[in-house]
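Asker: below is the sequence, then the predicted model.
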Amino acid sequence: MNTLGNIFKVHSFGESHGQAVGCIIDGCPAGLILDMPKIQAAVDRRKTAQHDFSSQRKESDTVQIVSGVFEGKTLGSPICIIIHNEDAQSKDYSHLKDVYRPGHADYTNERKYGFRDYRGGGRTSIRITAPLVAAGEIARQLTARISCATITSFVSQIGSAKLDVSDLSEKGISEQQKTFLNSSTKNIIDGTFDKQVDDLLEITAQAGDTLGGRISSCIEGLEVGVGEPIFGKFQAQLSQALFSINTVKAVEFGRGIDAAEMTGAEHNDVFIASDKLTETNNHSGLLGGITTGNRLVYHTYFKPISSLGQKQQTTNTKGEEVEINIKGRHDVCAVPRAVPIVDAYSNIILINLLLQNKYAKL
């Protein structure tokens, strides 16, 4: 299962330490004028070595489109995107060949396939998302041609440092917050929260430990009627994609788990005779899996990175207990550079649902 989408299909290929990672887009209509600088800029947002707390693997991540585009326009044929791996240092992983790293997929991959690529996680590495971010930007540019919908994502939690987003469905993201986000290298919308994150990351890095967090996303301008009532619910399609991102452990829509503590009278949004549709937005833009036209908010939760700068106990392929000290270049926290990945996967699902909705009625 290496394909995301059923109309605008994105097929992923490549491994962390192979020659390249890439994807093939099938189903992109002809005539879309691609903004290549924006595609490259989107990929650059998820690059490593941009912070002290991120992996120091130095890749140019130059996007190459080798088919499906002529004179800047899509041809309607498959679009092949390739990003070459230039700074893979496989020797850093040679000592892990016969051991199972705690928290990683080493054990499950070896049991499933009979052997595994131990170099940087192989196919399970976050590295494979680089070309998918490029595909997501193409999806966003196509969405802009047929819809007013826009997706904005930002970091709202790192470890114990949390930004209050309880009113996001009601108020959305302010222009001041958007301005801060555009200048933030950590994809954060608030200065006080940014300082809290810096302090926590410094303490965690000194301890040789790692942190997870939360990314909050807001879809504005989405028309009514997108999504299917049973197996194609908007939130079901989007959740499946988001759960495919490395280290994602939970996805929450609107009031999410807080809704379990509310009564029906508290949670129901009363319809009103105005352009607002409802005074409140507890449903967060979704009723019956179909969009209402209200602001749609969701949160994606990430566990801490499993590669620690500490000694850990584990077992090897012989079943012996051993101690490992994982070397290589790893993130203290990968959540900030996962923001463009969440955006990309969201945009790919969104364009699929928008295209599918065109056939909902005559």
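Answerer: Structure's in. What do you need?
Asker: neighbours around residue 244, how many?
Answerer: Counted with other C-beta atoms under 10 Å, residues neighbouring residue 244 total 15. For every residue, glycine as well, the C-beta is placed using N, CA and C.
Asker: my guess is it meets residue 345, correct?
Answerer: Yes - using C-beta atoms under 8 Å, residue 244 makes contact with residue 345 at a distance of 7.1 Å.
Asker: intersection of neighbour lists for the two?
Answerer: Overlap of the contact sets of residue 244 and residue 345 (by C-beta atoms under 8 Å, 6 or more residues apart in numbering) consists of residue 4.
Asker: quick one: residues contacting residue 310.
Answerer: Listed by C-beta under 8 Å, 6+ apart, the contact set of residue 310 reads 207-209, 325.
Asker: ok, it to residue 323 distance?
Answerer: 11 Å (C-beta to C-beta, to the nearest Å).
Asker: between the two, what contacts are shared?
Answerer: By C-beta under 8 Å, 6+ apart, no residue touches both residue 310 and residue 323.
Asker: before we move on, the earlier item: I'd like the contacts of residue 310 laid out as JSON lines, including neighbour count, pLDDT and secondary structure.
Answerer: Formatted as JSON lines, the contacts of residue 310 follow (neighbours: other C-beta atoms under 10 Å; pLDDT from 0 to 100; DSSP: H, G, I helix; E, B strand; the rest coil):
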{"residue": "207", "neighbour count": "12", "pLDDT": "90", "secondary structure": "coil"}
{"residue": "208", "neighbour count": "12", "pLDDT": "89", "secondary structure": "coil"}
{"residue": "209", "neighbour count": "16", "pLDDT": "91", "secondary structure": "coil"}
{"residue": "325", "neighbour count": "11", "pLDDT": "80", "secondary structure": "strand"}
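Asker: between those residues, which is closest to residue 177?
Answerer: residue 209 (29.5 Å; C-beta to C-beta).
Asker: for the closest one, which non-adjacent residue is closest in space?
Answerer: residue 308 (6.0 Å; C-beta to C-beta, 6 or more residues apart in numbering).
Asker: so where's the stretch 1-150 of the chain uncertain?
Answerer: Applying pLDDT under 70 to the stretch 1-150 of the chain flags the ranges 48-57, 87-93, 120.
Asker: which ones are touching residue 309?
Answerer: 205, 208-209, 326, 330.
Asker: now the helices for the stretch 201-350 of the chain?
Answerer: Using DSSP state H, counting those that start in this stretch, the helices assigned to the stretch 201-350 of the chain run over residues 234-242, 264-267, 335-357.
Asker: pLDDT of the longest one, averaged?
Answerer: Per-residue pLDDT over helix 335-357 has a mean of 97.
Asker: by how many degrees do that helix and helix 234-242 diverge?
Answerer: Here helix 335-357 points in a direction 130 degrees away from that of helix 234-242 (axes from the mean of the first three to the mean of the last three C-alpha atoms, to 10 degrees).
Asker: hmm, residue 211 and the residue nearest to residue 209 touching each other?
Answerer: No - using C-beta under 8 Å, residue 308 is not in contact with residue 211; the gap is 11.1 Å.
Asker: return the residues in contact with residue 217.
Answerer: 151-153, 297-300, 342-343, 346.
Asker: which one among these gets closest to residue 216?
Answerer: Of all the contacts of residue 217, residue 216 sits closest to residue 299, with 5.0 Å by C-beta to C-beta.
Asker: quick check: closest non-adjacent residue to the closest one.
Answerer: residue 252 (4.5 Å).
Asker: and the helices in the stretch 1-150 of the chain?
Answerer: Under DSSP H, counting those that start in this stretch, the stretch 1-150 of the chain gives helices at 36-44, 106-113, 130-146.
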